[in-house]
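Just a sequence and a predicted model for now, questions to come.
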Amino acid sequence: MGTVLTAEFIAEAGDLSRFRSADALASAADLAPVLRQSGKVRYLRRANGGNKALKRVFYQSAFCSLHSPTSQAFYARKRREGKRHHQALIALARRRVGVLWAMLRERRPFEPRSRPLTA
(Lines give C-alpha, C1' and ligand atoms only; values in the text may rest on other atoms or scores of the structure.)
Protein backbone atom coordinates (compact mmCIF):
# COMPACT_ATOMS: atom_id res chain seq x y z
CA MET A 1 0.00 0.00 0.00
CA GLY A 2 1.22 3.46 -0.79
CA THR A 3 0.90 6.52 1.39
CA VAL A 4 -2.49 7.56 0.03
CA LEU A 5 -4.09 4.11 0.44
CA THR A 6 -2.52 3.75 3.87
CA ALA A 7 -3.97 7.10 4.96
CA GLU A 8 -7.38 6.09 3.60
CA PHE A 9 -7.13 2.74 5.40
CA ILE A 10 -6.33 4.43 8.72
CA ALA A 11 -9.17 6.92 8.24
CA GLU A 12 -11.74 4.24 7.36
CA ALA A 13 -10.66 1.46 9.74
CA GLY A 14 -10.17 3.71 12.75
CA ASP A 15 -9.14 1.91 15.91
CA LEU A 16 -8.05 -1.60 14.89
CA SER A 17 -8.77 -2.98 18.37
CA ARG A 18 -12.44 -3.16 17.35
CA PHE A 19 -11.53 -6.03 14.99
CA ARG A 20 -10.72 -9.28 16.79
CA SER A 21 -9.11 -10.93 13.76
CA ALA A 22 -8.22 -10.58 10.10
CA ASP A 23 -11.53 -12.27 9.31
CA ALA A 24 -13.41 -9.56 11.20
CA LEU A 25 -11.53 -6.85 9.27
CA ALA A 26 -12.27 -8.61 5.97
CA SER A 27 -15.91 -8.89 6.93
CA ALA A 28 -16.05 -5.19 7.77
CA ALA A 29 -14.53 -4.45 4.37
CA ASP A 30 -17.12 -6.68 2.67
CA LEU A 31 -14.41 -9.08 1.42
CA ALA A 32 -15.50 -12.21 3.28
CA PRO A 33 -18.11 -14.53 1.79
CA VAL A 34 -21.36 -15.00 3.68
CA LEU A 35 -22.93 -18.43 4.14
CA ARG A 36 -26.56 -18.60 3.02
CA GLN A 37 -28.61 -21.67 3.85
CA SER A 38 -32.18 -22.79 3.73
CA GLY A 39 -33.06 -26.37 4.48
CA LYS A 40 -30.58 -28.58 2.66
CA VAL A 41 -29.29 -25.81 0.39
CA ARG A 42 -26.05 -24.13 1.47
CA TYR A 43 -23.91 -21.73 -0.55
CA LEU A 44 -21.53 -18.79 -0.17
CA ARG A 45 -22.41 -15.37 -1.52
CA ARG A 46 -20.73 -12.02 -1.64
CA ALA A 47 -21.79 -9.79 1.21
CA ASN A 48 -23.95 -6.75 0.48
CA GLY A 49 -23.09 -4.63 3.51
CA GLY A 50 -19.83 -3.41 4.93
CA ASN A 51 -17.67 -0.37 4.50
CA LYS A 52 -17.40 0.30 0.75
CA ALA A 53 -14.53 2.77 1.17
CA LEU A 54 -12.51 0.18 3.11
CA LYS A 55 -13.26 -2.40 0.42
CA ARG A 56 -12.06 0.04 -2.24
CA VAL A 57 -8.78 0.53 -0.35
CA PHE A 58 -8.06 -3.20 -0.33
CA TYR A 59 -9.25 -3.65 -3.93
CA GLN A 60 -7.00 -0.83 -5.16
CA SER A 61 -4.14 -2.25 -3.12
CA ALA A 62 -4.64 -5.66 -4.73
CA PHE A 63 -4.83 -4.14 -8.20
CA CYS A 64 -1.61 -2.17 -7.66
CA SER A 65 0.15 -5.23 -6.24
CA LEU A 66 -0.16 -7.13 -9.53
CA HIS A 67 3.35 -5.89 -10.34
CA SER A 68 4.70 -8.09 -7.54
CA PRO A 69 5.69 -11.67 -8.52
CA THR A 70 3.99 -13.13 -5.44
CA SER A 71 0.71 -11.36 -6.17
CA GLN A 72 0.96 -12.25 -9.87
CA ALA A 73 1.38 -15.92 -8.98
CA PHE A 74 -1.64 -15.86 -6.64
CA TYR A 75 -3.75 -14.02 -9.23
CA ALA A 76 -2.70 -16.45 -11.99
CA ARG A 77 -3.56 -19.42 -9.76
CA LYS A 78 -7.04 -18.03 -9.10
CA ARG A 79 -7.54 -17.45 -12.83
CA ARG A 80 -6.50 -21.05 -13.55
CA GLU A 81 -9.09 -22.15 -10.98
CA GLY A 82 -11.72 -20.55 -13.21
CA LYS A 83 -12.26 -17.27 -11.39
CA ARG A 84 -12.91 -14.15 -13.43
CA HIS A 85 -10.68 -11.07 -13.17
CA HIS A 86 -12.83 -9.33 -10.56
CA GLN A 87 -13.20 -12.50 -8.47
CA ALA A 88 -9.44 -13.12 -8.55
CA LEU A 89 -8.76 -9.53 -7.46
CA ILE A 90 -11.22 -9.85 -4.58
CA ALA A 91 -9.46 -13.06 -3.51
CA LEU A 92 -6.11 -11.25 -3.68
CA ALA A 93 -7.54 -8.35 -1.66
CA ARG A 94 -8.77 -10.81 0.97
CA ARG A 95 -5.33 -12.38 1.15
CA ARG A 96 -3.75 -8.94 1.55
CA VAL A 97 -6.06 -8.27 4.52
CA GLY A 98 -4.50 -11.29 6.22
CA VAL A 99 -0.98 -10.12 5.42
CA LEU A 100 -1.70 -6.61 6.69
CA TRP A 101 -3.25 -8.00 9.86
CA ALA A 102 -0.15 -10.14 10.50
CA MET A 103 2.12 -7.12 9.93
CA LEU A 104 0.13 -5.03 12.41
CA ARG A 105 -0.06 -7.85 14.97
CA GLU A 106 3.67 -8.60 14.79
CA ARG A 107 4.62 -4.93 14.42
CA ARG A 108 7.03 -5.81 11.63
CA PRO A 109 7.37 -4.43 8.10
CA PHE A 110 6.52 -6.55 5.09
CA GLU A 111 9.31 -8.83 3.93
CA PRO A 112 8.62 -10.25 0.47
CA ARG A 113 9.57 -13.83 -0.26
CA SER A 114 12.53 -14.44 -2.54
CA ARG A 115 10.30 -16.45 -4.91
CA PRO A 116 6.51 -16.71 -5.24
CA LEU A 117 4.55 -19.62 -3.83
CA THR A 118 3.43 -22.10 -6.48
CA ALA A 119 0.91 -24.11 -4.48
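Cool, the structure landed. Quick caveat: nothing in here was measured; it's all calculated off a predicted structure.

Strands of the protein, residue ranges please.
Taking DSSP state E as the test, the strands found in the chain are 34-38, 41-45.

how close does the residue sitting nearest the centre point of the chain sit to His86?
Nearest to the geometric centre of the chain sits Arg94, at 2.0 Å (C-alpha atoms, centre = their mean). Distance, Arg94 to His86, using C-beta to C-beta, to the nearest Å: 13 Å. In this view, the C-beta of every residue, glycine as well, is placed from N, C-alpha and C.

Give the full set of residues in contact with the residue nearest to the centre of the chain.
26, 31-32, 58 (C-beta atoms under 8 Å, 6 or more residues apart in numbering).

For the residue of the chain positioned farthest from its centre, give its distance to Pro33.
If you look at how far each residue of the chain sits from its centre, by C-alpha atoms, centre = their mean, the farthest one is Gly39, at 30.7 Å. Note on Gly39: its distance to Pro33, by C-beta to C-beta, is 20 Å.

before we move on, the earlier item: what two of the contacts of Arg94 have the greatest distance between them?
With C-beta to C-beta as the measure, no two of the contacts of Arg94 lie farther apart than Ala32 and Phe58, at 11.3 Å.

So for the two, which sits in the more crowded spot?
Neighbours per residue, other C-beta atoms under 10 Å: of Ala32 and Phe58, the larger number sits with Phe58, 26 against 18.

can you tell me which residues contact the closest residue to the more buried one other than its chain neighbours?
Closest residue to Phe58 in three dimensions, ignoring its sequence neighbours and counting by C-beta to C-beta, 6 or more residues apart in numbering: Ala93, at 4.1 Å. By C-beta under 8 Å, 6+ apart, Ala93 lies in contact with 31, 55, 58-59, 61-62.

most neighbours, which of these?
Ranked by neighbours (other C-beta under 10 Å), the contacts of Ala93 are led by Phe58, which has 26 neighbours.
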